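[1] pasting the sequence and the predicted coordinates here, then a few questions.
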Amino acid sequence: MSAKPKTGGRGLMMLALLLFAAPPAFAAPAGLEDAFSPRGGASRLVEHAVHDAKKSILVAAYSFTSKPIARALAAARGRGVDVRVVLDKNPYNRPIAAYLGEHGIPVRISAQYNLMHDKFMVIDGATVELGSFNYTYSAEYDNAENVMVVSNVPAIAADYARQWDDIWAGAGSR
C-alpha cells in the first residue's frame, strides 16, 4: 500500500481548475512558463522569476552553486524582498550559503533527510518555480534538466510554502 501525498493530489487538481476556469475580473490569470537545459534558458527563467518578485522568495535547493542565480537573489534582497533559503547539507553549497549570508539573506542547512532533494522557489505567495533544475553551472550547461514557473496560483504556492516551512523548521542555521 503506497502512502498518499500530503495534498492528496489537490495541488494538481487545483492547478488544472485554475488554468482552465475563467479567472475573476480582478485576478491575474494563471500562467505557465518552462525551459530546459543544457543551454535552453533554464537559468534565465529562474533569474527572471526572481527579478519579478515584489515581496518574498522562499528557496529550497538540493545543490546551489550558480553565481548568477545567487546574484539575482542578492539583488532581490537589495530591493527589499524578503529572501530566505534552505539548502541541503551538501558541502558544495557552502560558498553560496556564505555569499547569501553576506548579503543579509537568512540561510539554513537541512540535515534532517538523507537528501533534501527539493528544488523550488515560492515567490510572493502566488508563484512557484520548480522542476529537476538544480541551481548549478552543470545544470545549465551540462545536464538535461527542466524548470517550470507556475504564476498566479496561490493554492499551489501555499502547498509549496507549507513544505518549505516544514524543511526550514527542521533545518539548522548555517
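    That came in fine, so what should we check first?

[2] doesn't F64 make contact with Y137?
    No: the criterion here is Cβ atoms under 8 Å, and Y137 misses it with F64 at 10.7 Å. C-beta coordinates here come from the backbone N, C-alpha and C atoms, glycine included.

[3] count the residues that sit near Y92.
    As a burial measure, Y92 scores 12 neighbours (other Cβ atoms under 10 Å).

[4] ok so, going back, who's more crowded, Y137 and F64?
    Applying other Cβ under 10 Å to Y137 and F64 shows that F64 carries more neighbours, namely 27 against 14.

[5] where does that one fall, phi/psi-wise?
    phi -140, psi 110 (degrees, to the nearest 10).

[6] report the contact partners of it.
    A70, V85, L87, N93, I96, A97, N134, Y135, T136 (Cβ atoms under 8 Å, 6 or more residues apart in numbering).

[7] which pLDDT value goes with V46?
    We have a pLDDT of 97 for V46.

[8] element containing L115, please.
    L115 is part of no helix or strand, with elements assigned from DSSP states H and E.

[9] among the contacts of F64, which ones are in helices?
    Judged by DSSP state H, those include A70, I96, A97 as members of helices.

[10] contacting residues for the residue nearest to the spatial centre of the chain?
    A centroid search over the chain (Cα atoms, centre = their mean) returns M121, at 1.6 Å, as the residue closest to the centre. M121 makes contacts with V46, A49, V50, I57, L58, V59, A60, V128, E129, L130, as judged by Cβ under 8 Å, 6+ apart.
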